[in-house]
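Q: Fold the following for me, if possible:
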Amino acid sequence: MSLDDREEFWFARLQDVGRSLVTELDVDVVLDRVLATAREVTGARYAAVGVLNSERTKLSRFLTAGVDEQVHLAIGDLPTGRGVLGFLIEHPEPLRLADVGRHARSYGFPAAHPQMRSFLGTPIVIHGEVWGNLYLTEKQHSAEFSEQDVRAAVILSDWAAVAIHNARLYEASELRRREAEKAVRSLEVTRDVAVAIGSEIALEHVLELIAKRGRALVGARSLVIMLREGEDLVVHASAGHAEDQRGARLPIAGSTSGQVLEGGRAERVPDVDARLRIAPSSFGVAGAHTALLVPMLYRGQALGLLAAFDRGADGEMFSEDDEQLLRSFAASAATAVALAQSVLADRLRSTFSAADAERKRWARELHDETLQGLAGLRVLLSAALRGDDLPHARAAMRDAVQRIEVEVDNLRSIITDLRPAALDELGLRAAIEALLDRHQEQSGLKIEHDLTIASRTAEAGRLDGELETAVYRIVQEALTNVLKHANAERVRVAIRERDGELLIEVQDDGGGFDIGAVAHGFGLTGIKERVSLTGGELSIDSGEGGTLLSIRLPALRSGRADVADRHADSHESRQAV
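A: Residues are numbered from 1 along each chain as shown. Next up is the predicted model:
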């Protein structure tokens, strides 16, 4: 091949390589191609690329071509930029040497290093800054590299600089894209939890949602949620391949999970068997290899732990990104759990408070009416037993029988207040009608009513059992308030179902009261609690013309099986009594 032919081949080869390099988006692939092409166009036996550190004082990476693995192992540590390589770092311009060992800065070579005499080095410059150097040694079939080889190496270094810059831009763009996707996934999961909390505040359902979303977020095969209860962690929910082991207890002291909880720092576990002191199988996860433990922290308090196991189908190790993602999610999850626990505690307190109020009222009625009546009856019968006047004794007996009938009626009234049989047997409308009739008979109030609610046998089905009880108690309490405080003559009770809501109105023609001055009196506390627990709204309008209570409740319905079960339970209870 003539000199002109070699130059034409050389130029065409560099053009082809340049086109392929600038389309490659992987830096390592770019460097491999540069090394292979540099050896091809210059005839070098060995080629290397040294990548500078961030301070550009020494080499941080050193990639070679032409040296096999065994020779690499025999040489030992790769060069860091001393000797001639250091000179090229300090003086970033092409350097051609016939014998590298004769250069003033030469340190020589390690004992197992291949023989190298001819040398050609050129910097790789990206946007005016030296990124690294291209090194070529041992020109084949010639004692030293030519000026043409220098031009080829310079052109190749320029192509490499462009390709490396493009690849670095692509890597940075991909990194930002992955971070954006990760942030979006985190926001989506956090939004899902927030939406769920807005519509569902039952702790059990919230935990199930957190377990499913958290598992999907990091691609775990299994995820278990454990909440702190005293000195233990207790399993409350799981998702994926974990068995349902709710209620399983794990001691905080002496366990890796307890250390993560107390320390408030997440931990990635590469080997479950070696690191975890208590096997995951004890809380439903069998055959786990890797784990990611993340504490749920709320206002500095550790509420519990998210334990994810085995990333992906192959159970690989969780990454740092997975850890950061699950930590962010755990913060939202902790807020959701704290809110659900707070609502649950408030409901329990409200339930206990209402139950205490009911018990106080029953105790007062039993003491003031039934017990007093029975005490009078005892006095009457004792006097009759001591006397010798038979007609007088018979009169006392007749009086005693009448008083017994009165007390029996009183006890029946109290039992009805506890749980009216009509509510189970006939439905809400019949129970309300019986309640209004009884109040009208006992109090003398003129009661009008408009009850347009489904009967027990309606095709639409009965209202939810708890809702029926709440409606009954609300009307009962409202009527009691009117009787005790309103000084009214007439009362109107209206209950209507419309557009999925139950509308309740109780209006009297009494003297009214100052709503702003009365926050909890006039029996309003019980009504407010029942309205709140059923998710409804209460408004009060009171003045000289009377008082109007307006209540809106969601008209939840129960299935027929539930109604039948409640009816059967009520019947069995009455049989037992």
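Q: Look up the closest residue to Met397, ignoring the ones flanking it.
A: Nearest residue to Met397, sequence neighbours excluded (Cβ to Cβ, 6 or more residues apart in numbering): Ala384, at 6.6 Å. Quick note: C-beta positions are derived from backbone N, CA and C, even for glycine.
Q: now the one you found, what's its secondary structure?
A: Under the three-state scheme (DSSP: H, G, I helix; E, B strand; the rest coil), Ala384 adopts helix.
Q: Same question for Ala183.
A: helix.
Q: Quick one: neighbours of it, just the number.
A: Other residues lying near Ala183 total 12 when counted by other Cβ atoms under 10 Å.
Q: Can you tell me how far it is from Leu73?
A: With the distance defined as Cβ to Cβ, to the nearest Å, Ala183 ends up 44 Å from Leu73.
Q: circling back to that earlier point, what separation do you get for the residue nearest to Met397 and Ile404?
A: 14 Å.
Q: and Arg102, how many neighbours?
A: Arg102 has 9 nearby residues by other Cβ under 10 Å.
Q: What are the boundaries of the strands in the stretch 351-500 of the chain?
A: Assigned by DSSP state E, counting those that start in this stretch, the strands in the stretch 351-500 of the chain fall at 446-452, 490-498.
Q: Name the stretch among those strands that sits most buried.
A: Comparing those by mean neighbour count (mean count of other Cβ atoms under 10 Å), strand 490-498 ranks first with a mean of 17.
Q: That strand to strand 446-452, inter-axis angle?
A: Orientation check (axes from the mean of the first three to the mean of the last three Cα atoms, to 10 degrees): strand 490-498 against strand 446-452 gives 0 degrees.
Q: Show me what the helix or strand just after strand 490-498 is packed against.
A: Next along the chain after strand 490-498, taking DSSP states H and E as the criterion, comes strand 501-508. If you count contacts as 3 or more Cβ pairs under 8 Å, 6 or more residues apart in numbering; DSSP states H and E, strand 501-508 packs onto helix 465-481, strand 490-498, strand 546-554.
Q: Let me have the ones you listed in TSV, adding mean pLDDT as columns.
A: Listed next are the helices and strands packed on strand 501-508 as TSV, based on pLDDT from 0 to 100:
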stretch	mean pLDDT
helix 465-481	86
strand 490-498	93
strand 546-554	92
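Q: now these as TSV including distance to Val49?
A: Below are the helices and strands packed on strand 501-508 laid out as TSV (distance: least, Cβ to Cβ, whole Å):
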stretch	distance to Val49
helix 465-481	75
strand 490-498	79
strand 546-554	71
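Q: quick one: Ile75 and Val84, what's the gap?
A: Counting by Cβ to Cβ - Ile75 and Val84 are separated by 16 Å.
Q: same deal with Trp131?
A: 19 Å.
Q: Distance check, Gln476 against Glu425.
A: Distance, Gln476 to Glu425, using Cβ to Cβ: 18 Å.
Q: which one of the two has more residues nearby?
A: Neighbour count, other Cβ under 10 Å: between Gln476 and Glu425, Gln476 has more, with 22 against 14.
Q: and the nearest residue to the more buried one once chain neighbours are set aside, how many neighbours?
A: Spatial nearest neighbour of Gln476, chain neighbours left out: Leu435 (6.1 Å); criterion: Cβ to Cβ, 6+ apart. Residue neighbour count, defined by other Cβ under 10 Å, stands at 22 for Leu435.
Q: Likewise for Val260?
A: 23.
Q: Surely it touches Leu293?
A: Yes. Contact criterion Cβ atoms under 8 Å: Val260 and Leu293 qualify, at 4.4 Å.
Q: on that earlier part again, more neighbours: Ile75 and Val84, which one.
A: Each of Ile75 and Val84 has its neighbours counted (other Cβ under 10 Å); Val84 has more, 21 against 17.
Q: burial measure for Gln148, as a count.
A: Close neighbours of Gln148, defined as other Cβ under 10 Å, add up to 14.
Q: Number the chain from 437, please
A: With 437 as the first residue, the last one maps to Gln584.
Q: Would you quantify the distance from it to Ala710?
A: Using Cβ to Cβ, one obtains 60 Å as the distance from Gln584 to Ala710.
Q: now do Glu491
A: Counting by Cβ to Cβ - Glu491 and Ala710 are separated by 39 Å.
Q: what distance separates the start and the end of stretch 677-695?
A: 25 Å (Cα to Cα, to the nearest Å).
Q: Buried ones in that stretch, by neighbour count?
A: Within stretch 677-695, the residues that count as buried by 16 or more other Cβ atoms under 10 Å are 677-678, 684, 686, 688, 691-694.
Q: Widest-spaced pair of the residues you listed?
A: His677 and Ile688 (25.4 Å; Cβ to Cβ).
Q: Surely Asn602 is in contact with Asp462?
A: No. Counting by Cβ under 8 Å, Asn602 does not reach Asp462; the two are 10.5 Å apart.
Q: residues near Ile646, how many?
A: 29.
Q: pLDDT weak spots in the stretch 587-736 of the chain?
A: Under the criterion pLDDT under 70, the flagged ranges of the stretch 587-736 of the chain are 622, 625-626, 628-637.
Q: run the last query once more with 80
A: By pLDDT under 80, the low-scoring segments of the stretch 587-736 of the chain are 614-615, 618-638.
Q: Where do the helices of it begin and end?
A: Here the stretch 587-736 of the chain has its helices, by DSSP state H, counting those that start in this stretch, at 639-654, 692-699, 708-711.
Q: Give me the distance from the longest one to the chain's centre.
A: Going back to what we said before, that points to helix 639-654. 5 Å (Cα atoms, centre = their mean, to the nearest Å).
Q: Lovely, talk soon.
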